[in-house]
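Q: Structure for this input, please:
(chains A and B)
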Amino acid sequence: AQKITQTQPGMFVQEKEAVTLDCTYDTSDQSYGLFWYKQPSSGEMIFLIYQGSYDEQNATEGRYSLNFQKARKSANLVISASQLGDSAMYFCAMRPISGNTGKLIFGQGTTLQVKP
Amino acid sequence: EAQVTQNPRYLITVTGKKLTVTCSQNMNHEYMSWYRQDPGLGLRQIYYSMNVEVTDKGDVPEGYKVSRKEKRNFPLILESPSPNQTSLYFCASSGLAANTGELFFGEGSRLTVL
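A: Prediction:
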């Protein structure tokens, strides 16, 4: 079964510190995409970062980086220098090529609180 | 500006009163999809569409209908809403279904059924 697991329902981090949000995935596909989205209290889904299964290097976007360990099937999000505005729910998601449904499979999310 | 637009953003309605949530994208995307988000369950796919006049069920299609008469529009129809359809709904689009790249999301529509 294709699945995303986020084991941290909630996390706290001190402002200006780095934080890692865990994500593991399960798929038998060779081709898939991995994503992280941020959902603030206003509700919209904000795309943060993307990693393709064939990408050799870890993706980075500003303060966000994705620690991709293919053999372990993990795709952890690292946020450096946390800011108060980073407080939000974070979703890890996978888009496998199989089934041809184009579906994004989401984890249950991690709520991050940044403390001043 | 490339975007996916949903309307209404917020809606309170009563059981049984038909409603439609519209979704429009301006990126000429073939693929469009609807998700619902519920606490503790993440986002789940309701319906998707590969192209005009091609739609199919996702994981939770019961109680919903869709249509794809034009490439840019993909409305979600609740013929007889019930309280268990109270949820946050997202429309999304991308270039192709056989694609592991980014889905572009609308801003969400928060629906309450009394």
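Q: and chain A, which of its residues are near chain B?
A: A:4, A:31-33, A:35, A:37, A:43-45, A:47, A:50, A:52-53, A:91, A:93, A:95-97, A:100-104, A:106-109 (C-beta under 8 Å from any C-beta of the partner chain). From N, CA and C alone the C-beta is placed, and that goes for glycine too.
Q: go again using 6 Å as the cut-off
A: A:31-33, A:43-45, A:50, A:95, A:97, A:100-104, A:106, A:108 (C-beta under 6 Å from any C-beta of the partner chain).
Q: Out of the residues you listed, which two are the most distant from each other?
A: The most widely separated members of these are A:S31 and A:G43, with 31.1 Å between them, by C-beta to C-beta.
Q: on that earlier part again, of the residues of chain A next to chain B, buried ones?
A: A:32-33, A:43, A:45, A:50, A:95, A:97, A:101-104, A:106, A:108 (16 or more other C-beta atoms under 10 Å in any protein chain shown).
Q: before we move on, back to that, from the residues of chain A next to chain B, which land in strands?
A: Of the positions in the residues of chain A next to chain B, A:32-33, A:50, A:95, A:106 sit in strands, assigned by DSSP state E.
Q: what's the burial count for the closest residue to B:G95 other than its chain neighbours?
A: Nearest residue to B:G95, sequence neighbours excluded (C-beta to C-beta, 6 or more residues apart in numbering or on different chains): B:H29, at 5.7 Å. By other C-beta atoms under 10 Å in any protein chain shown, the residues close to B:H29 number 22.
Q: A:Q30 too?
A: 10.
Q: before we move on, back to that, point out the least confident one among the residues of chain A next to chain B.
A: Among the residues of chain A next to chain B, A:N100 carries the lowest pLDDT, at 74.
Q: Against B:Q45, how distant is that one?
A: In this view, A:N100 and B:Q45 are 13 Å apart by C-beta to C-beta, to the nearest Å.
Q: cool, and A:T7?
A: 23 Å.
Q: which residues does A:V78 bridge with?
A: Taking DSSP bridges as the rule, A:V78 bridges to A:T20, A:S65.
Q: Low-confidence regions, chain B specifically.
A: B:97-98 (pLDDT under 70).
Q: same thing but 80
A: For chain B, the stretches with pLDDT under 80 are B:96-101.
Q: what does it put close to chain A?
A: Within chain B, the positions near chain A by C-beta under 6 Å from any C-beta are B:31, B:42-43, B:45, B:48, B:97-98, B:100-103, B:105, B:107-108.
Q: how about a cut-off of 7 Å?
A: B:31, B:33, B:40, B:42-43, B:45, B:48, B:58, B:88, B:90, B:94, B:97-103, B:105, B:107-108, B:110 (C-beta under 7 Å from any C-beta of the partner chain).
Q: part of a strand, is the residue nearest to B:G95?
A: No. In this structure, B:H29 is coil, not part of a strand, as judged by DSSP: H, G, I helix; E, B strand; the rest coil.
Q: so it touches B:L96, yeah?
A: No. Shown here, B:H29 and B:L96 do not form a contact pair, counting by C-beta atoms under 7 Å, at 8.4 Å.
Q: one step back: list only buried entries from the residues of chain B next to chain A.
A: Buried, going by 16+ other C-beta under 10 Å: B:31, B:33, B:42-43, B:45, B:48, B:58, B:88, B:90, B:94, B:97, B:99-100, B:103, B:105, B:107-108, out of those.
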